[in-house]
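Student: model the following, please.
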Amino acid sequence: DLSNNHLMGIPESLANLQNLVKLNLSCNKLKSLPPAISEMKNLRMLDCSRNQMESIPPVLAQMGHNKLRFVPELPCCKTLKELHCGNNQIEILEADHLKHLSALSFLELRDNKVKSLPEEITLLQGLERLDLTNNDIS
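Tutor: Residues are numbered from 1 along each chain as shown. The predicted structure follows:
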């Protein structure tokens, strides 16, 4: 648990912690994470909420309270069940970014700037909960 610090970066060597199951990096000043995070094969929970994330490696599932402008493309996360991207600056839901998330059952995009719901949302056949509260949808 490295939450509530003043971290501005994470060293690549953190990926050497191969047995780590939970990593809490919330409430820091991180703008990105090293791609080596994806090598942490036993990692089951990664919390990067309440940072200043502008770019992310495609392994994150908890990205609320950042400055993301789009839902990240997550091609390696075909079994991802939940994606939390609330409290960001997401305006557009890209079809290419949704197509890999076929197993998704919960997509949380509350408190963003989404203007419309694309037809491609129907690609998420397993979706049970969709939270678009407090967006700019007309």
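Student: hey, where'd the helices end up in the protein?
Tutor: Remark: helices assigned in the chain by DSSP state H are 95-98.
Student: now this protein, which segments are flagged as low pLDDT?
Tutor: Along the chain, the model assigns pLDDT under 70 to residues 44, 54-64, 73-78.
Student: the strands in it, which residues?
Tutor: Counting by DSSP state E, the segments of the chain that form strands are 22-24, 45-47, 82-84, 106-108, 129-131.
Student: take these and write them to CSV, including mean neighbour count and distance to residue 97.
Tutor: For the C-beta atoms, the positions are set from N, CA and C on the backbone; glycine is no exception. Formatted as CSV, the strands of the chain follow (neighbours: other Cβ atoms under 10 Å; distance: least, Cβ to Cβ, whole Å):
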stretch, mean neighbour count, distance to residue 97
strand 22-24, 16, 24
strand 45-47, 17, 19
strand 82-84, 18, 10
strand 106-108, 19, 11
strand 129-131, 13, 15
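Student: would you reformat those as TSV and include distance to residue 69?
Tutor: Written out in TSV, the entries for the strands of the chain read as follows (distance: least, Cβ to Cβ, whole Å):
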stretch	distance to residue 69
strand 22-24	24
strand 45-47	21
strand 82-84	16
strand 106-108	17
strand 129-131	19
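Student: nearest spatial neighbour of residue 68, skipping sequence neighbours?
Tutor: residue 88 (4.1 Å; Cβ to Cβ, 6 or more residues apart in numbering).
Student: I'd say residue 10 and residue 33 touch.
Tutor: Yes. With contact defined as Cβ atoms under 8 Å, residue 10 and residue 33 form a contacting pair (5.8 Å).
Student: intersection of neighbour lists for these two?
Tutor: Both residue 10 and residue 33 are in contact with residue 25, where contact means Cβ atoms under 8 Å, 6 or more residues apart in numbering.
Student: those two: who's more crowded?
Tutor: Using other Cβ atoms under 10 Å as the criterion, residue 10 and residue 33 rank with residue 33 on top: 22 against 19.
Student: just give me the neighbour total for the residue nearest to residue 68.
Tutor: Residues contacting residue 88 under the criterion other Cβ under 10 Å number 23.
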